[in-house]
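[1] I need the structure of the sequence given here:
(one chain, ligands or ions: 2)
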Amino acid sequence: MIVAIDGPSGTGKSSTSKAVAARLGLSYLDTGAQYRAMTWWMLANGVDVQDPAAVADASGKPVVTSGTDPLHPQISVDGTDVSGPIRSQEVTAAVSAVSAVPEVRARMVDFQRRTAAAAPAGIVVEGRDIGTTVLPAATVKIFLTASAEVRAARRSGELNGAVSVAATREALIRRDAADSGRTTSPLAKADDAVEVDTSELTLDEVVDRIVALVEQRRAAVR
Ligand SMILES: Nc1ncnc2c1ncn2[C@@H]1O[C@H](COP(=O)(O)OP(=O)(O)O)[C@@H](O)[C@H]1O
Ligand SMILES: Nc1ccn([C@H]2C[C@H](O)[C@@H](COP(=O)(O)OP(=O)(O)O)O2)c(=O)n1
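    Ligands and ions are numbered 1, 2, ... in the order given. Next up, the predicted model:
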C-alpha cells in the first residue's frame, strides 16, 4: 500500500500524511524535510545555493536520514537531528533553488524509492512529485490544494504571526512558482490523483476522506 500525497506548501500535507499513516498502521516519509535538510547543510557549509554547479558538486557529501514512524518523525544530517533548523526562514527561502538541481533530486528520489520499498506494511509519502515521478505506481494518489489566503494564514499562525499573512502569502506564491516551473520533476498533479481542496475542511475531515479512499482501494484489490 503506497499512498502519495502531493501539493503546494500549507495545504496540510504533513499533518494529513502523519495522521493517515498512524490511522492505517503505515510508515511515513516527509520528502520536503529531506530537501530542507540538504539545503540546511549547504548553508551551514558555505555552499552558494544560487550556484547549481556548486550545489551539484556538494550534493554527495551530506548523509540525510529520515525516520519513518508517523508518531515520531525524524530527520538528521550526518547523525545530527536537524528537525528544528530545517524550518528556519533562511532554509525556507533557499530550498526551492537547492531542490531544483537534478543531482540533488536524483539522490533523494533514489533514497525515497528504497525507503518505500522497505516499508513493511506500506507507506504514506508526501512531497511535490511523488505521484508523478518518485512512485508513479502508488496505490492511491492525492493532490491537496487550498487557497493562497488560507495557506498563508495557516503558516503565519504557526509562527504566531511573527511574519504577516501578506508577506507569508507572497513568499508562498514565489515558492509555488519556482517549484512548479523547474525543469526536473516540477510540482504537479498526477493525471490519476484525486484532488482535495482543504480550504474549507478541518484536518479530521481531510484525514477521514483520504482514509476512506485508501480503504475503498484496498477492498477493490482484495
Ligand atoms: N484542514 C486543515 N484545516 C486547518 N488547518 C490545517 C489543516 N491542515 C493543516 N492545517 C494546519 O496548517 C499548517 C500547515 O500544515 P502542514 O501539514 O504543515 O502543510 P504542508 O505540509 O502542506 O506545508 C499547520 O499548522 C497545520 O496544523
Ligand atoms: N518531493 C519534493 C518535496 C519538496 N520539494 C522542495 C520544494 C519545497 O518548496 C521544499 C520544501 O518542502 P516542504 O514540503 O517542507 O514545504 P512546506 O512544509 O510545504 O512549506 O522542498 C521538492 O522539490 N520535492
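[2] Residues of the protein that sit close to ligand 1?
    Remark: the part of the chain in contact with ligand 1 comprises 7, 9-15, 154, 158, 198, 201-203, 206, using CB under 6 Å from any ligand atom. Placement of C-beta: from N, CA and C, glycine included.
[3] Please pick the buried ones from those.
    Among these, those scoring as buried are 7, 9-14, 154, 198, 201, 206 (criterion: 16 or more other CB atoms under 10 Å).
[4] Would you mind pulling the contact partners of stretch 162-182?
    Counting by CB atoms under 8 Å, 6 or more residues apart in numbering, the neighbours of stretch 162-182 from elsewhere in the structure are 8-10, 89, 92-93, 95-97, 99-100, 128, 148-149, 151-153, 155-156, 159, 186-188.
[5] Which parts of the protein are helices?
    Ranges of helices in the chain, per DSSP state H, are 13-24, 31-44, 52-58, 89-99, 102-118, 148-158, 165-181, 203-221.
[6] which one of those helices lies closest to residue 66?
    When the helices of the chain are compared by CB to CB, helix 31-44 sits nearest residue 66, at 6.1 Å.
[7] In PDB, list the C-alpha atoms belonging to the closest one.
    Taking Å, rounded to 0.1, in the frame of the first residue of the first chain, the C-alpha atoms of helix 31-44 are listed here in PDB:
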ATOM      1  CA  THR A  31      10.400  14.200   1.300                       C
ATOM      2  CA  GLY A  32      10.200  18.000   1.800                       C
ATOM      3  CA  ALA A  33      12.100  17.600   5.100                       C
ATOM      4  CA  GLN A  34      14.900  15.800   3.100                       C
ATOM      5  CA  TYR A  35      15.200  18.700   0.600                       C
ATOM      6  CA  ARG A  36      15.200  21.100   3.600                       C
ATOM      7  CA  ALA A  37      18.000  19.000   5.300                       C
ATOM      8  CA  MET A  38      20.100  19.100   2.200                       C
ATOM      9  CA  THR A  39      19.600  22.900   2.000                       C
ATOM     10  CA  TRP A  40      20.400  23.400   5.700                       C
ATOM     11  CA  TRP A  41      23.700  21.500   5.100                       C
ATOM     12  CA  MET A  42      24.600  23.600   2.000                       C
ATOM     13  CA  LEU A  43      24.000  26.900   4.000                       C
ATOM     14  CA  ALA A  44      25.900  25.600   7.100                       C
END
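[8] what helices or strands is that helix leaning on?
    Identification of packing neighbours for helix 31-44 by 3 or more CB pairs under 8 Å, 6 or more residues apart in numbering; DSSP states H and E yields strand 64-66, strand 75-77, helix 89-99, helix 102-118, strand 123-127.
[9] Having no further points to raise, I will conclude here.
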